[in-house]
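Engineer: Fold the following and give me the result.
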Amino acid sequence: MAQVSKKRIWGWMMFDWAQQPYATLGLTFIFAPYFAAVAADHFAAEGMTVDAAKAQAQGLWSSAQTVSGLFIALSAPLLGAWADASGRKMPWLAGFTALAVICAASLWGLLPDGTGLMMALVAFWAGYTASECAFNLNNATLPQLGTPQQVGRISGSASAFGYWGGVVSLFAMLLLFAENETGTTLIGTAPVLGLDPAAREGTRFVGPFIAIWFALFMVPFFLWNRDPAPTPRRRAQARTIIAELRAALRDLAERPSYRSFLLSSMLYRDSLAALYAYGGIYARLVLGWEITQIGVFGIIAAISAAILSWAGGHADQRFGPKPVILSCVWLLIAVSTIIIGMSRDHLFALPLPEGSPLPDILFYICGAIIGGAGGALYSASRSMMVRHTDPARAAEAFGLFALSGKATAFLAPALITFFTLWTQSNQLGFLPVIFLFLGGLTLLRWVQPDGDRAE
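Structural biologist: Numbering: from 1, shown residues only. So this is what the prediction gives:
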C-alpha cells in the first residue's frame, strides 16, 4: 500500500487525545462519582435508607448506560455502511463532535442539591453516545494507515497517546478545579477562575472543561484528515446499504474466526466498559473516597494505560493481537475478583481492622491493572479487527465491530443493576463482569491469531 504521511497518522491519533477526557473525566473519575454522590444524597433526602439510595443511584446510572449502548449498537452498522457507500465520514464526525461538545458543556447544570439531576444524566449519555459514534467512524480509517502488522503498533500508540491526554486533563482538573469536601483542590488551594467551592463549581466545571478540550484538539484532526475524493455520481441509497449490510451479516456464517471474534469481543468489551463506568462509583460508594482521591486513582490508572497500551502495541506487532487479548482478559478477571471480595472492613473472608489502608492500596493497584490491561485490550482488539476487515468496506466492518461492542452493552449494566438491587450490595453487583469475561475467553478459542483476511 502507498506510504501514509506521518502528519495524517498523527492527525488520526489526535482523535484519541481529544476524546479521552470524556471517558477519563466524565465516565469514570470526576463526573460519574460526583453524579453518584449527588444522586445518592438526593434519594436519601427523599426518605430512602443510605444503602437503598446508593443502590438507586448506581441503578439510575447503569440504566442510562443501557439505553446509550443500545442506540450505539443499532445505529453503528447502518452508519458505517452509509459512510462506506457515500465515501464521506468527515461531516458525520464533525456533527457528532459538535453534539458531544454541547452536551458536555451542559453538565455544569448539576447542582449539589440534586437540581438538574435528570437533565445532566440525559446530557452526559447523549454526548457520550455521540462521541462513541464518532470514535467508531474514526476507527474505520485505521486500515488505511498501514499494513495489518503496522496497524497494531499504530493502534497501540494512538491508545497510549489518548491515555496521556487523559492524564494531562485529569491533572489539570485535580490541581486547578475539582475540590474536596473542605473546598480545596489537590494542591490545597481554592478552585481557579473564582469558582465557588461551596456550590461545587470546581467539580462541575468538568463539563465545560471536557467540551473545550474536545473542540480544541479536534482542530488538527480535521486539518490533517480528509475524505478521499468522491467517485463520480456516487450516492448512498438506503435500500442498497441495507442489502449490503444484510449480506455482510450473512457472510459471518461462513467466517468462523470473524464471527467468534465479534462475539468474544462483544462480551469482554462489555465487561471492560462496566469496569470503567463503575470504578469511580465503587470507590465513592463502597470505599468512601473523595473526588480528589478518586482523581489520583484515575491518574495512576491512566498512566498505566498509556504505558501498557504502547507496550501492548509493540507486543502486538511482534506476536500478534490474540496473545495480548488473552493476557489482558485474565488480568481483568483477577482484578474483578478482588473488587467483589473487598470492602472497607473485609477482604474476602478476612476481617480488616478499622481504618486499615489495605482496601485503598489494593484498589489503587486494581486501578493500575484495569487501566493498563483495558488500554492494551482495546488496542489489540482494534488491531485484530483489521485482520478480519476488507479495507474497501472498513466503515461497515467497524460498524459491526461497534455493534459487537454494544449489542450487549445493555447486558452488563442491566445485570449489575439487577444484582445490585437484588443483593443490596455494590460489591456483589459486579459478579456479572466476571461471567462475561469468561464467556469472551471461551469464544476466543475459535479466533485465528492472524485473522481470516488471507483466506
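
Engineer: neighbours around the closest residue to Glu181 other than its chain neighbours, how many?
Structural biologist: Of all residues not flanking Glu181 in the chain, Glu290 sits nearest, at 6.0 Å (C-beta to C-beta, 6 or more residues apart in numbering). Backbone N, C-alpha and C define where each C-beta goes, glycine included. For Glu290, the neighbour count with other C-beta atoms under 10 Å is 17.

Engineer: got it, and the one 4 residues further on?
Structural biologist: As a burial measure, Ile294 scores 26 neighbours (other C-beta under 10 Å).

Engineer: same thing with Val151?
Structural biologist: Neighbours around Val151, by other C-beta under 10 Å: 25.

Engineer: My guess is Pro321 contacts Leu377. True?
Structural biologist: No. In this structure, Pro321 is not within contact of Leu377 by C-beta atoms under 8 Å, at 9.7 Å.

Engineer: higher neighbour count, these two?
Structural biologist: The neighbour comparison of Pro321 against Leu377 (other C-beta under 10 Å) goes to Pro321, with 33 against 28.

Engineer: contacting residues for that one?
Structural biologist: 152, 380-381, 383-384, 387, 449 (C-beta atoms under 8 Å, 6 or more residues apart in numbering).

Engineer: Pop out the phi and psi values for it.
Structural biologist: Dihedral angles phi and psi of Pro321 (degrees, to the nearest 10) take the values phi -80, psi -30.

Engineer: Let me know the pLDDT of it.
Structural biologist: If you check Pro321, the pLDDT there is 91.

Engineer: quick one on the thing from earlier: neighbour-wise, which of the contacts of Pro321 leads?
Structural biologist: Highest neighbour count within the contacts of Pro321: Met384, with 31 neighbours (other C-beta under 10 Å).

Engineer: gap between the closest residue to that residue other than its chain neighbours and Thr115?
Structural biologist: Excluding its sequence neighbours, the residue lying closest to Met384 (C-beta to C-beta, 6+ apart) is Pro321, at 4.1 Å. Separation of Pro321 from Thr115 (C-beta to C-beta, to the nearest Å) stands at 47 Å.

Engineer: Could you give the number of residues near Ser379?
Structural biologist: Using other C-beta under 10 Å, Ser379 has 34 neighbouring residues.

Engineer: Can you give me every residue that contacts it?
Structural biologist: Counted by C-beta under 8 Å, 6+ apart, Ser379 has contacts 152, 155-156, 158-160, 309, 312-313, 316, 324.

Engineer: please redo it, this time with the cut-off set to 10 Å
Structural biologist: Shown in contact with Ser379 (C-beta atoms under 10 Å, 6 or more residues apart in numbering): 16, 152-160, 162-163, 305, 308-310, 312-313, 315-316, 321, 324-325, 328.

Engineer: any idea how far the residue nearest to Glu181 lies from Ser327?
Structural biologist: From Glu290 to Ser327 the distance is 34 Å (C-beta to C-beta).

Engineer: same thing with Met90?
Structural biologist: 36 Å.

Engineer: can you give me the strands for the chain?
Structural biologist: Using DSSP state E, the strands found in the chain span residues 346-347, 350-351.

Engineer: mind listing what the last one pairs with, with the direction of each?
Structural biologist: Spelled out, that is strand 350-351. Strand 350-351 has the following strand partners under DSSP bridges: strand 346-347 (antiparallel).

Engineer: Can you give the contact residues for the strand it pairs with?
Structural biologist: So strand 346-347 is contacted by 338, 341, 352, 356, 358-359, 362, 427 (C-beta under 10 Å, 6+ apart).

Engineer: Return the distance of it from the chain's centre.
Structural biologist: Relative to its parent chain, strand 346-347 has a centroid offset of 29 Å by C-alpha atoms, centre = their mean, to the nearest Å.

Engineer: Could you do stretch 374-383 as well?
Structural biologist: 12 Å.

Engineer: and if you look at stretch 10-17?
Structural biologist: That offset, for stretch 10-17, works out to 16 Å (C-alpha atoms, centre = their mean).

Engineer: One more: stretch 210-220?
Structural biologist: Remark: stretch 210-220 is offset 18 Å from the chain centroid, using C-alpha atoms, centre = their mean.

Engineer: what's the answer for stretch 357-373, then?
Structural biologist: Mean-position distance between stretch 357-373 and its chain equals 18 Å (C-alpha atoms, centre = their mean).

Engineer: For Met342, see how far away Gly69 is.
Structural biologist: 27 Å.

Engineer: So between those two, which is more surrounded?
Structural biologist: A direct count of neighbours by other C-beta under 10 Å for Gly69 and Met342 places Gly69 higher, at 25 against 22.

Engineer: I figured the more buried one was touching Ser404, is that so?
Structural biologist: No. Between Gly69 and Ser404 there is no contact under C-beta atoms under 10 Å: 11.7 Å.

Engineer: quick one: common contacting residues for the two?
Structural biologist: Both Gly69 and Ser404 are contacted by Asp270, under the criterion C-beta under 10 Å, 6+ apart.

Engineer: That's all I had, so thanks and see you.
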